[in-house]
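Engineer: coords below, sequence missing:
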């Protein structure tokens, strides 16, 4: 294999509802504590089964909560599915899209993080919508500075990669598009950074057919900002079960939950590193693993990959092999190791991103069973 396979482009119906007072408090988006203070994400205090179950939920993730109803209700329990907005010692706030509900933690019967919902038929890696997958991927590569604008996600990380320094255009920005673009431009200006937008669509989509894309082009924004690897980026997905398994002849792969200085130094051999920001982004997901392969003779790292861990999904980033050790199956072995971890931890689907101008990388991933889910483009203001 030649080059970097990922070629880093910048280099997610309750049957019964709570009573009206509970719904009203939830709509206000608040979970007041007993002393009236702001909610926190700590989980000290009562140690009921419901508290322990809901402590495992991740704020910001899509969750399902089975909730005990009051005595006299027609049903004993109901399920709430939506985004976990907040949690304190006593309550959860879950946004079900229909409304925000406040749930008493002691009345939680079961709870877990869940993948984005299916938007079409097919296997897990195909049925998720592009919007939901983009939102999920943003949680696998988390910027140091983030803000929401409706469904849009504004991201900044000192210039380290396009993904962590662009406005992710998904869903509804809660403002007319032109006003939303104005807001984004001001947000980046406050950080002395150029505005960059990430706009996605089906494979081969035209920017003019996307409302935000058309508006940006009218303002003079340029697709790719002069960088071929930013003009078209493919999002590939595949089933973890279809990735070839490790064999007795596979080189040993180490997977560490913590980022080591040696792994980071190796990462910097092929990419620009922004001190502080790079480490924060690499370790910013709810869960990640740092894979590495060492040369038997010298003991130094000659191959690396990063794996982001999500409910039902795994993301693969930063696959790189020392040029002197390529074409020996090291990259594919690291992917096989990541897929094995995914299979063993209920992650049937894997995503990754590769520039459309990286023919070798695309062929590598297709050979492992991955296919194009959708694509995206970066749009930037023209340079003087």
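Structural biologist: Arrived safely. On a predicted model such as this, the values are computed, not experimentally measured, just so you know. Numbers count the residues shown, from 1 in each chain.
Engineer: Show me what the lengthiest helix in the chain packs onto, helices and strands only.
Structural biologist: Using DSSP state H, we find that the single longest helix of the chain is helix 330-344. Packing contacts for helix 330-344, counted by 3 or more Cβ pairs under 8 Å, 6 or more residues apart in numbering; DSSP states H and E, involve strand 288-294, strand 301-310, strand 313-321, strand 349-355. All C-beta atoms are positioned from the backbone trio N, CA, C, and that covers glycine.
Engineer: Figure out which of these is closest to residue 66.
Structural biologist: Between residue 66 and the helices and strands packed on helix 330-344, the shortest gap by Cβ to Cβ is with strand 301-310, which sits at 21.3 Å.
Engineer: Return the list of strands paired to the closest one, each annotated with direction.
Structural biologist: Applying DSSP bridges to the sheet, strand 301-310 is found paired with strand 288-294 (antiparallel), strand 313-321 (antiparallel).
Engineer: Any idea which of those gets closest to residue 172?
Structural biologist: Here strand 313-321 is closest among those (Cβ to Cβ), at 23.4 Å.
Engineer: which other residues reach that closest one?
Structural biologist: Here strand 313-321 makes contact (Cβ atoms under 8 Å, 6 or more residues apart in numbering) with 1, 4-6, 8, 115, 136-137, 140-141, 240, 266-267, 269-271, 293, 302-308, 330-331, 334-335, 338-339, 341-342, 347, 349-353.
Engineer: State the mean pLDDT of that strand.
Structural biologist: On average, the pLDDT along strand 313-321 is 98.
Engineer: Residue 286 versus residue 168, what's the distance?
Structural biologist: 18 Å (Cβ to Cβ, to the nearest Å).
Engineer: same thing with residue 304?
Structural biologist: Residue 304 is 21 Å from residue 286, by Cβ to Cβ.
Engineer: The two - which one has more neighbours?
Structural biologist: residue 304 (25 against 16; other Cβ atoms under 10 Å).
Engineer: give me the beta-bridge partners of the more buried one?
Structural biologist: Beta-bridge partners of residue 304, as defined by DSSP bridges: residue 292, residue 320.
Engineer: Could you double-check that it sits in contact with residue 294?
Structural biologist: No: contact criterion Cβ atoms under 8 Å: residue 304 and residue 294 do not qualify, at 10.4 Å.
Engineer: And the helices in the stretch 101-250 of the chain?
Structural biologist: 124-127, 130-138, 177-189, 211-218, 228-231 (DSSP state H, counting those that start in this stretch).
Engineer: winner for burial among these?
Structural biologist: helix 130-138 (a mean of 21; mean count of other Cβ atoms under 10 Å).
Engineer: Which other helices and strands does it contact?
Structural biologist: strand 152-156, strand 167-169, strand 196-201, strand 233-239, strand 313-321, strand 349-355, strand 371-380.
Engineer: can I get the ones you listed in a markdown table with mean neighbour count?
Structural biologist: Shown next, in a markdown table, are these (neighbours: other Cβ atoms under 10 Å):
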| stretch | mean neighbour count |
| --- | --- |
| strand 152-156 | 22 |
| strand 167-169 | 26 |
| strand 196-201 | 22 |
| strand 233-239 | 23 |
| strand 313-321 | 25 |
| strand 349-355 | 25 |
| strand 371-380 | 21 |
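Engineer: Using TSV, lay out those together with distance to residue 180.
Structural biologist: Output for the helices and strands packed on helix 130-138, formatted as TSV (distance: least, Cβ to Cβ, whole Å):
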stretch	distance to residue 180
strand 152-156	7
strand 167-169	9
strand 196-201	10
strand 233-239	22
strand 313-321	27
strand 349-355	24
strand 371-380	14
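Engineer: hang on, the earlier thing: would you tell me which of the helices and strands packed on helix 330-344 gets closest to residue 119?
Structural biologist: strand 349-355 (13.5 Å).
Engineer: what lines up beside the closest one in the sheet?
Structural biologist: Assessed with DSSP bridges, strand 349-355 is paired to strand 233-239 (antiparallel), strand 313-321 (parallel).
Engineer: now the helix or strand that it is followed by, how far from the centre of its chain.
Structural biologist: Using DSSP states H and E, the next helix or strand after strand 349-355 towards the C-terminus is helix 359-367. Taking Cα atoms, centre = their mean, to the nearest Å, one finds the center of helix 359-367 at 22 Å from the center of the full chain.
Engineer: hey, where'd the strands end up in the stretch 51-200 of the chain?
Structural biologist: Per DSSP state E, counting those that start in this stretch, the stretch 51-200 of the chain carries strands over the ranges 62-68, 77-87, 91-95, 100-104, 108-113, 145-149, 152-156, 167-169, 196-201.
Engineer: Out of those, which one sits most buried?
Structural biologist: Comparing the strands of the stretch 51-200 of the chain by mean count of other Cβ under 10 Å gives strand 167-169 as most buried, with a mean of 26.
Engineer: any idea of the mean pLDDT in that strand?
Structural biologist: Mean per-residue pLDDT for strand 167-169: 99.
Engineer: if we look at it, which residues are touching it?
Structural biologist: 134-135, 138, 149, 152-155, 184, 187-188, 195-200, 210, 212-213.
Engineer: Report the strands that pair with that strand, each with its relative direction.
Structural biologist: strand 152-156 (antiparallel), strand 196-201 (parallel).
Engineer: Using JSON lines, lay out the strands paired with strand 349-355 together with distance to residue 280.
Structural biologist: JSON lines is the format used below for the strands paired with strand 349-355 (distance: least, Cβ to Cβ, whole Å):
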{"stretch": "strand 233-239", "distance to residue 280": "22"}
{"stretch": "strand 313-321", "distance to residue 280": "14"}
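Engineer: These: which one's closest to residue 381?
Structural biologist: That would be, of those and by Cβ to Cβ, strand 233-239, which comes in at 19.0 Å.
Engineer: Without its sequence neighbours, what residue ends up closest to residue 232?
Structural biologist: Nearest residue to residue 232, sequence neighbours excluded (Cβ to Cβ, 6 or more residues apart in numbering): residue 356, at 3.7 Å.
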